[in-house]
Structure formats: structure tokens, C-alpha cells
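*Asks:* Based on what follows, work out the 3D shape:
(chains A and B)
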Number of protein chains: 2
Amino acid sequence: MKVGYLGPESSFTHTATRTAFPEDTLVPFHSIPACIKAVEFNEVDLGVVPIENTLEGSVNTTVDYLFHQSSIPVGAEIVLPIFQQLMVSKENKENWKEIRRILSHPQALAQSQEFINCHFPDADLEQTPSTAYAASFVAEHPTQKIAAIAPKLSAEKYDLAIVQENIQDVAINRTRFWVIGSDQVELPHIPVERQKMTLAVTMPNNMPGALHKALSAFSWREIDLSKIESRPLKTTLGEYFFLIDLVADKSPELIQFALQEIQQMGGEVKVFGNYKVHPIHGI
Amino acid sequence: MKVGYLGPESSFTHTATRTAFPEDTLVPFHSIPACIKAVEFNEVDLGVVPIENTLEGSVNTTVDYLFHQSSIPVGAEIVLPIFQQLMVSKENKENWKEIRRILSHPQALAQSQEFINCHFPDADLEQTPSTAYAASFVAEHPTQKIAAIAPKLSAEKYDLAIVQENIQDVAINRTRFWVIGSDQVELPHIPVERQKMTLAVTMPNNMPGALHKALSAFSWREIDLSKIESRPLKTTLGEYFFLIDLVADKSPELIQFALQEIQQMGGEVKVFGNYKVHPIHGI
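*Replies:* The predicted model follows:
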């Protein structure tokens, strides 16, 4: 099977895809829309794209594209813990405290802010297009007093020495990815945590308390929400759709009744998928 | 007055800050937390940081930092329309259709996907740390067959020729910025659209239908929400706070009653600010 993913190689999306599909052919794409389009046009069988808390692309790009421009189903979710490492060339391994310049993706720099302020308050920070690029640059300039902030995989790929581990400010940082292209994707290589359903609800414009009304349909049925977000519809400013994650471990009929009730109120419902969430451990 | 902003120079945040504070001293910072901390430590009087739909930093960084690590008030919001331009060196102005490589920030490339697919399906796309970097690279290599996607300001700064205007996929793309550091910031140089209030609501863990209950307090009082988003609390996975924007044109007492009601239910409320929204036109 051919599985597309948001590249480049050694990115977090690549790590997630490789772990979920160890025996398949993986194809990198340079952007989220390019990856989704490759699924639409059957250039690949499935695609893996980030949907939350990512360093590599906008969450909004994925959600908005799937909402506005495609009817590709979501078949599974992969959750990857993100750890950032400080790495230098092997020449600098002993005297890494002398580094003067730290390179990384802007968000990885932001996530490691406390570590940098504490250990390298005077270092120059240089933004790079990706963490992988920062690691490759350090590898190509082994005698310079520079370091990269990047995941473990990059240190392996570019033969760098990790001198401080897990320097991100928050102890555990997780990124979520969707596997798109089929409404049920089995991932036997990683464990299952729970069943989840994602839907977009659009309520009639100018309906007072519209969101409160829509949530009533779930609330009195005791269907739990695990996430909600309003997103602009883009057609007219001030109009929104609501992206809602439901806990879907039980009672699929009950959820169907709730969706029908929302439609009766004049709302529109688009189901992205009803899928299993797979957390990856220990990378 | 000294006003900090998320740099670098000629970024969208710089444009917004320059327009709102034409007579003040502007100080660039390399990250959102660095800019917020400068306000905390009184190195600058005010700070300007992106909070939505930005190319230059994570929205979540701003919101989470203000929620978890600071009590700095939000005093105003600036809304900037974002337009992307295709630009080349003046040497390539006539034969721009022959360009082979397009450079830009990953999200600007993603936003211009349809234009690129239609006009330059075979061009190599190269990711750069910022749109400004892409423009400067094109300026430094005037004879190469390359183009940058960047805002108008970059074309002026690096003396490039804009050969296709407003190439972003969505007709109007807006980015929002918060002015932080005072609970009331007057911006006489740009118009006022409306009054808005942003708050974070944390409901007791495991309260069934917690969000629905909290929204009841606004709904029956006919206080309109203009945005809602759940954000993980980070302390324990699965716990959330809700970031809510209220239309606050009228009835400040009514909103206070609603907040008190939520607190009576066991919820916690953190008010980020009650501030004016200022749209910038025609840049």
C-alpha cells in the first residue's frame, strides 16, 4: 500500500507514519493540501496529516481543507509525544556549553524558551524552516559553535551528539495526526486508546445561542465532548462552523439521534469520521 | 512609548504595530514568549503579538502563555488583512513566467497552493523561515530564475518587482493581534469596529455537560459568543479550559452576572481583557 505523508523525511509526521505503517511504501509531500490532493486523485491509498499542535504545518489547513474542499473520510488518529533535544556536532560534544548560536524551527525555539533562557541567555537564535534543516546545517558546519534543537531521529540521521535531553518547556507535548482516505483504517502495530467521532456543525446564521442549542442535543443524552473549536466559514466574516470531537466508545444510535436533532433545528452536520485513537509510546 | 512586537522587521506583526503606533519606538523580539516577558519585566510599555491565523508564530503560544504564566491584560485587538504577492528581481520582471523555483514560508506556500498548481505546476518549492527571508534571498540572487511569495512591504524593502498580485487562495485572509500590557489601550490612528471580551473558563473535571452548563449562563441572557475553543490544561491530559470571545458592545453588568453564575457552578473564570477591535484597511 502507498501512504502519503507531510514531509520532509525525519519530520514528526514521518515518524508517526513510519510507526503506524512499517511495511508500506511511504511518499512525502511538501504541503498538507498536496498530501490531501494525492489521496483524492488516488496517487496514494492513504494520507497522514497533522491536525493539532504541530511544528510543521497549520492545523487549520488540514481541517479547513477537509471541510471546504473534500469529502475524504478520516479513518484513524495517531498521537505522538514530542520531545526536543539539544544536539551538536561530535566535534563539539565535550565543549557544548560554549555554543553561541542555536538553530531550530520558530515553534521549537518557542517551546524550549525556558531552557534557552536558563542555559544560553546570550546565544543568538536562528529560525530555520524545519527542525530537520537545523540539524542538517549543524552537521554541515561541524567546527562552528552552533547547536540545533530537533527530535532524536534527526540526531541519528545527521550523526549529531545529543547533549541535553527533553528540553521542551512542557513535560509531555503531543501532536495528533489523522489517517485519511478510508472510513476505517486498522493500525495493528500501535495500541488503541478509544473511539472518537469528529464532526463539523454549522448553525443558521444569527440564531441566538446557536451553539448552546446544538450542545443541548449532546448534553441531555450524556454524550461527552472532548474538544470544541469555532472556525470561520470564510464565506462571510462572522459566520462560523463548530468542530466537535465526541467520545464515541458507546451508543452509536444515540449519537445519530443527536445529529438528527441538530439537523431538525436547522443545523448542518458533516461527519469527518468515527475512528480509533492510537497513541504511540516510547519514541 | 516603547512597544515590543514579534519580529523580524517587515513581518506582518511589524506592519500591524507600525500602523497602530506610528509615533512610538518599536522593539522587535524573536519569539512570542520573549515579547510577553519584555512586557512583564517592563522593558517595553506594551507588546503586540499574533493570536490567530498567523504565518509567523503559534496562536497557541500566545494564548497558553497568557493563561498559564502571566496576568498581563489585553488592551486592544488589531486585525490585519493578509495579501500574498509573487515577486521577482527586476532583471526577471519581463520573463517571470520562466521561473523554476518559488521560495516562501511553508504556510504562505500552502496558502498559495491553487495559484502555484495552476501557473507553476513544475516549479520547485523551497521553504524559508519567513516570507521576508524569501524576498531577501531573491534580491541577493537577481539572475537566478526564482521568485518569492511575500507581502507587498517585502517587495518595497528588497526592491523586487511584484508580477502577480494577491495570489492567496482565499480572497481575504485576516490575522489578529493583541496589544498587551494595559487593560485599556487607545489606538487613535485606526478605526474601531466593536467591543469584545475574551475569557478563559475552566469547569470542574468530570462535570457532565460542563460546557453546555457554562454556555447557559450566556445563552439565556442573550450574550453572543463570537468564538470558542477548548484548550488542553497541560497539567492532566483530558482536562480543558475554554477560551471564549463575547460580543461586549452592551450590558457589562449582564456579563458580570453571567461570570458570577459560572463561578457559582464551580467554574473558574480568567478575564484576558475587555477591549476594542481595530481593523486596518488598505495595506
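
*Asks:* going forward, measure contacts between C-alpha atoms and count neighbours the same way
*Replies:* Will do.

*Asks:* Just say helix, strand or coil for the residue most central in space within chain A.
*Replies:* Among the residues of chain A, the one closest to the centroid is residue A:50, at 3.0 Å (Cα atoms, centre = their mean). For residue A:50, the assignment made with DSSP: H, G, I helix; E, B strand; the rest coil gives strand.

*Asks:* Now do it against residue A:175, distance only.
*Replies:* 7 Å (Cα to Cα, to the nearest Å).

*Asks:* anything in stretch A:181-194 near chain B?
*Replies:* No - using Cα under 8 Å from any Cα of the partner chain, stretch A:181-194 never reaches chain B; the gap is at least 12.5 Å.

*Asks:* so how far is the first residue of that stretch from its last?
*Replies:* 20 Å.

*Asks:* for the stretch 151-283 of chain A, which spans come out with low pLDDT?
*Replies:* Where the stretch 151-283 of chain A drops to pLDDT under 70, the residues are A:170-172, A:206, A:234-238, A:282-283.

*Asks:* Indicate the residue of it located nearest to chain B.
*Replies:* Distances between the stretch 151-283 of chain A and chain B by Cα to the nearest Cα are smallest at residue A:229, namely 4.1 Å.

*Asks:* what does the one helix or strand that residue maps to contact?
*Replies:* Using DSSP states H and E, residue A:229 maps to strand A:225-232. Strand A:225-232 is contacted by residues A:238-247, B:209, B:227-231, B:238 when judged by Cα atoms under 8 Å, 6 or more residues apart in numbering or on different chains.

*Asks:* Of those residues, grab the buried ones for PyMOL.
*Replies:* To isolate the buried members of the contacts of strand A:225-232 in PyMOL, using 16 or more other Cα atoms under 10 Å in any protein chain shown:
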select buried, (chain A and resi 239+240+241+242+243+244+245+246+247) or (chain B and resi 209+227+228+229+230+231)
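
*Asks:* Run through who's touching stretch A:215-223.
*Replies:* Contacts for stretch A:215-223 (Cα under 8 Å, 6+ apart): A:224, A:246-248, A:254-255, A:258-259, A:261-262, B:208-209, B:212.

*Asks:* again, only this time at 6 Å
*Replies:* Residues from elsewhere that reach stretch A:215-223, judged by Cα atoms under 6 Å, 6 or more residues apart in numbering or on different chains: A:258, B:209.

*Asks:* Can you give me the buried ones in it?
*Replies:* Under the neighbour-count criterion of 16+ other Cα under 10 Å, stretch A:215-223 has A:215-219, A:223 buried.

*Asks:* Kindly report the same for stretch A:182-199.
*Replies:* So, applying 16+ other Cα under 10 Å, buried residues of stretch A:182-199: A:182, A:184-185, A:187, A:190, A:192, A:195-199.

*Asks:* ok, back up a step: using CSV, lay out the buried residues of stretch A:215-223 together with secondary structure.
*Replies:* Converted to CSV, those look like this (three-state DSSP):
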residue, secondary structure
A:215, helix
A:216, helix
A:217, helix
A:218, helix
A:219, helix
A:223, coil
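
*Asks:* relative to strand B:225-232, how tilted is the strand holding residue A:229?
*Replies:* 140 degrees (axes from the mean of the first three to the mean of the last three Cα atoms, to 10 degrees).

*Asks:* Can you dump the C-alpha atoms of strand A:225-232 in PDB for me?
*Replies:* What follows is strand A:225-232, C-alpha atoms only, in PDB (Å, rounded to 0.1, in the frame of the first residue of the first chain):
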ATOM      1  CA  LEU A 225     -17.400  16.300  24.100                       C
ATOM      2  CA  SER A 226     -13.600  16.000  24.200                       C
ATOM      3  CA  LYS A 227     -12.900  19.100  22.100                       C
ATOM      4  CA  ILE A 228     -14.700  22.000  20.500                       C
ATOM      5  CA  GLU A 229     -13.500  24.900  18.300                       C
ATOM      6  CA  SER A 230     -15.200  27.500  16.300                       C
ATOM      7  CA  ARG A 231     -13.800  28.100  12.800                       C
ATOM      8  CA  PRO A 232     -14.700  31.000  10.500                       C
END
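
*Asks:* residues making contact with the following helix or strand past that strand?
*Replies:* Per DSSP H and E, the first helix or strand lying C-terminal to strand A:225-232 is strand A:240-247. Outside of strand A:240-247, the residues within contact range by Cα under 6 Å, 6+ apart are A:196-202, A:224-233.

*Asks:* Can you name every helix or strand that the longest strand along chain A contacts?
*Replies:* If you go by DSSP state E, chain A has its longest strand at strand A:268-279. Contacting strand A:268-279 under the criterion 3 or more Cα pairs under 6 Å, 6 or more residues apart in numbering or on different chains; DSSP states H and E are the following elements: strand A:74-82, strand A:194-202.

*Asks:* Mind checking if the first one is in reach of chain B?
*Replies:* Read that as strand A:74-82. No - applying Cα under 6 Å from any Cα of the partner chain, one finds strand A:74-82 separated from chain B by no less than 12.1 Å.

*Asks:* Can you check what angle separates that strand from strand A:194-202?
*Replies:* 110 degrees.

*Asks:* Indicate each strand paired with strand A:74-82 and its parallel or antiparallel sense.
*Replies:* strand A:173-180 (antiparallel), strand A:268-279 (parallel) (DSSP bridges).

*Asks:* Kindly format the C-alpha coordinates of that strand as CSV.
*Replies:* The C-alpha trace of strand A:74-82 is given here as CSV (Å, rounded to 0.1, in the frame of the first residue of the first chain):
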residue,chain,number,x,y,z
VAL,A,74,-10.9,10.2,8.5
GLY,A,75,-10.1,6.6,9.3
ALA,A,76,-7.8,6.7,12.3
GLU,A,77,-5.9,9.1,14.6
ILE,A,78,-2.3,8.7,15.7
VAL,A,79,-1.0,10.6,18.8
LEU,A,80,2.8,11.1,19.0
PRO,A,81,4.6,12.5,22.1
ILE,A,82,7.0,15.2,21.0
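
*Asks:* what does it contact?
*Replies:* Contacts of strand A:74-82 (Cα under 6 Å, 6+ apart): A:173-180, A:182-185, A:272-273, A:275-280.

*Asks:* Write the PyMOL selection for whichever of the residues you listed are buried.
*Replies:* Selection of buried members from the contacts of strand A:74-82 for PyMOL, criterion 16+ other Cα under 10 Å:
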select buried, chain A and resi 173+174+175+176+177+178+179+180+182+184+185+272+273+275+276+277+278+279+280
